Structures are given as C-alpha cells and as structure tokens.
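> Below: sequence and its predicted model.
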Amino acid sequence: MRKAVLSMLCLAVTMCLSGSVYAEGIKFLEGLTIGGGITLNLQNLQNANMAPSEEDENKTPTVGQYSVDLTIEKKFDDKNTAFIHLETGKGDINKYLDSYASINRDADDSGVVSVTEAWFEHKFTDQFAVTAGIIDPTSSLDDNAYANDETTQFIGSMFRNAVNIGFPDNAFGVKATYETDIADFAVQYIDASSDADESPADITRNGFASAQVNFKPGFIDNMEGNYRIYGWTNTNDYSKWKDASENEKNYGFGLSLDQQFTDIFGAFARYSWQNKNICCGEHTWSLGLQANIKGIGEEDVVAIAYGQVIPSSEYKDYDNENAKSENHLEVYYSWNVTDYLSISPDFQMVENPWFNEDEDTAYVGSLRMQISF
C-alpha cells in the first residue's frame with residue numbers, strides 16, 4: 001500500500017514539474033519571432049578597372065555571392081522588445097571595380113557570422129521610444145520605401161542610401177523616436193571610433209550623431225508618402241584636401257522622399273551634401289520609379305533609378321581638376337514566385353567610375369534569388 005501511495009505521489013510531482021517546465025517554455029516562446037533571408041547573387045562585370053591580385057586581372061569577371069540574415073525578436077510586452085540580427089556572406093564583385101558607389105551593397109566577403117544588431121527598446125508611450133545597444137545607423141536616417149533594401153530592391157549602394165553620408169559601422173549607440181500621424185522624429189548617437197585613424201577609440205570623442213524629421217502630409221488619399229529632411233555629423237578627425245596638417249569634422253544634410261501615386265506606381269528622390277573640404281563626393285542625387293505589375297507572376301515589381309555623385313571643388317583642386325560626376329543607372333525586375341521566393345534580373349551602368357572620364361563605362365548584369373522566411 002505504501003509503495004502504491006509513494007508511486008502515485010512521485011507521479012503527481014513529476015507531472016506537476018513537467019507541466020511547470022512546459023508552461024515556462026510556452027511562456028518564453030510567447031512574443032518570440034524568428035525570421036531572416038538568404039540572398040544568392042550571380043553577377044558579371046564588363047570593363048573591370050581593378051584587379052584584386054596580380055593573378056586576377058580579368059576584365060569581365062563573374063562572381064557568385066551569397067548572404068544570410070537571421071533575426072530574432074522577443075516582445076516581452078507592449079512596451080519592451082529585444083532584437084538580435086546575425087549576418088554572414090561570401091563573394092564580392094566590388095573588388096573588380098574602383099568606383100565611389102559600389103555595385104553590390106550586400107557583398108560581405110568575410111564568411112564569418114557576426115552580430116550586426118543587438119538592442120533593447122522601451123516604449124514610454126505609444127509614440128515615444130528609446131533604443132540602446134548595437135544599432136544600424138541607417139535604420140533611422142535616409143530610409144526610403146522604394147530604395148532601402150539591397151536584397152529585394154536596388155543592388156547598388158548608390159540607391160540604397162546616399163553614399164556621401166558619413167555612416168559608421170553598426171556599433172553601440174542610443175536612439176530616440178517619436179511618431180505621430182503627420183510626422184516622425186528620430187535622433188541617434190552611435191560609436192564611430194572604429195573609423196578613427198589616429199584618434200583614440202573613444203565613443204565620447206568619435207561619434208556619429210544625426211536627426212531626421214519625416215513629414216507625412218497625405219497629399220494623395222490612402223497613398224503613402226514620406227518627405228524626410230535630416231542632418232548629421234561624424235566627429236572623427238579628417239584631413240583637409242588643401243592642407244593635410246589641418247583636420248575637420250565631417251557633417252552634412254539631405255532629403256529622402258518617396259510617394260505612392262496609384263496602386264501601381266510610386267517614385268522616390270534623394271539629395272545629400274557633405275563637407276567639401278575633406279570629401280571626394282560633395283553632392284549626390286538620385287531619382288527612381290517603381291511599378292507593381294502582373295507580369296510573369298501576379299505581384300511582380302519593376303523599377304528604374306538614375307543618380308550622380310558629384311566631386312567637390314576641393315578634391316578637384318587637390319587631386320583631379322578634370323574629375324567628372326560618377327553616373328549610375330540601375331533597373332531590375334522582381335518576379336515574386338511565391339510569398340517566400342523572388343527572382344530578380346538586374347542591370348547596372350556606371351559611367352566615369354571614381355570621377356575618371358578616361359575609364360570605360362562599366363556594365364553589371366545580375367541574377368538574384370531571395371528566399372525570405
């Protein structure tokens with residue numbers, strides 16, 4: 001009898017403990033989202049102007065490139081969220097073309113898994129939030145609905161962000177955002193000490209600070225439109241073109257606009273300026289158009305963009321008085337095969353790479369496959 005009672009008690013305790021562990025496991029999984037993507041890209045470059053090594057002077061290289069992104073988000077409640085972004089990749093066609101704006105913004109030839117974002121966000125109200133941790137500086141500056149994702153939109157860095165913004169690498173920082181129906185506000189400060197050459201690695205001395213206001217006027221009923229204006233500074237010391245013994249901080253401002261006109265058509269525009277005393281590309285601008293169409297698939301996308309990087313007068317006086325604007329054209333077609341798979345042929349043209357009119361115009365053909373989950 002005693003053995004039977006003890007057996008029943010042990011079974012009950014085991015069931016309770018198992019239930020408790022199971023319940024804790026379920027509780028932990030609540031609000032947990034795991035996602036990511038795999039990008040496979042086959043690219044051919046015509047008129048390469050740079051050789052990665054003495055043994056590789058191919059003028060028409062073809063490079064296979066991949067990247068893998070994994071994101072983990074945990075919503076503890078309506079106010080508190082943690083986020084981790086892991087990334088790796090291999091293959092880099094940029095090594096073959098010396099240009100101010102690279103032809104593959106997604107290229108990562110390290111083959112090493114790295115933590116590119118890891119932050120915690122607390123919402124003080126439904127509108128006001130503060131985020132701290134390893135932050136992507138492009139997440140709250142110069143964003144754009146039609147030109148801000150190199151894995152699904154334009155591949156070249158020219159149309160991912162303004163290429164003359166002094167962004168640091170993803171690093172420790174803090175940002176604050178305030179959102180309303182008619183305007184959004186964002187400020188951030190991120191460690192830029194890894195960009196320092198001779199300055200000490202001090203986050204209080206070498207930082208990147210920015211502020212952006214995004215107006216949402218609603219010019220067209222039920223159509224999304226964003227009109228952003230921003231300013232930034234990178235407090236590292238940079239040598240001046242005219243006198244290398246003198247240093248200056250870098251700073252600039254810009255605009256990033258996107259407007260949906262119909263259920264099919266939308267357009268974007270960008271303009272950016274930076275300190276001409278220390279930079280090569282003083283001005284950049286770009287324009288683009290996107291159309292959602294029924295093509296090979298039911299929900300395909302075709303887009304085209306053109307832009308320029310304009311050299312600064314100080315750079316011309318110091319290094320190349322005949323420097324010409326670097327001109328970029330890109331067009332892609334995205335065939336959305338399924339909800340998780342898209343295939344995108346892409347074409348790029350780069351005229352006057354690195355402001356040199358004597359260089360042949362470069363042409364890039366790409367075939368990209370994106371798997372999202």
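Arrived safely, thanks for sending.

> quick one: low-confidence parts of this structure?
Judged against pLDDT under 70, the low-scoring parts of the chain cover residues 1-28, 195-201.

> and if we set it to 90?
Low-confidence segments of the chain, defined by pLDDT under 90: 1-31, 51-58, 108-110, 193-205, 222, 237-247, 297-298, 317-322.

> mind listing the helices for it?
Counting by DSSP state H, the segments of the chain that form helices are 2-29, 313-318.

> Run through who's touching stretch 251-269.
For stretch 251-269, the surrounding residues in contact (Cβ atoms under 8 Å, 6 or more residues apart in numbering) are 142-147, 162, 164-166, 219-220, 223-234, 270-275, 285-293, 305. Just so you know, the C-beta spots here come from the backbone N, C-alpha and C atoms, and that holds for glycine as well.

> Any idea how many residues pack against Lys32?
Check again: residue 32 is Leu, not Lys. The local packing of Leu32 (other Cβ atoms under 10 Å) involves 12 other residues.

> Filter the contacts of stretch 251-269 down to the buried ones and hand me the PyMOL line.
Provided next is the PyMOL selection string for whichever of the contacts of stretch 251-269 are buried by 16 or more other Cβ atoms under 10 Å:
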select buried, resi 142+143+144+145+146+147+162+164+165+166+225+226+227+228+230+232+233+234+270+271+272+273+274+275+285+286+287+288+289+290+292+305
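
> From Asn170, how far out is the residue lying closest to Asn247 once chain neighbours are set aside?
Leaving aside its sequence neighbours, Asn247 sits nearest to Asp237 (Cβ to Cβ, 6 or more residues apart in numbering; 3.9 Å). Look at Asp237 and Asn170: by Cβ to Cβ, to the nearest Å, they are 22 Å apart.

> pretty sure the residue nearest to Asn247 contacts Lys249?
Yes: with contact defined as Cβ atoms under 8 Å, Asp237 reaches Lys249; the gap is 7.3 Å.

> Looking at those two, which has the bigger crowd around it?
A count of neighbours by other Cβ under 10 Å puts Asp237 above the other of Asp237 and Lys249, at 17 against 13.

> Within its local environment, how many residues does Asp243 see?
By other Cβ under 10 Å, the burial measure for Asp243, its neighbour count, is 10.

> what do you get for Tyr100?
For Tyr100, the count of nearby residues is 21 (other Cβ under 10 Å).

> Distance check, it against Gly133.
Taken as Cβ to Cβ, the span from Tyr100 to Gly133 is 31 Å.

> go on, Gln188?
Looking at Gln188 against Gly133, where the rule is Cβ to Cβ, the gap reads 12 Å.
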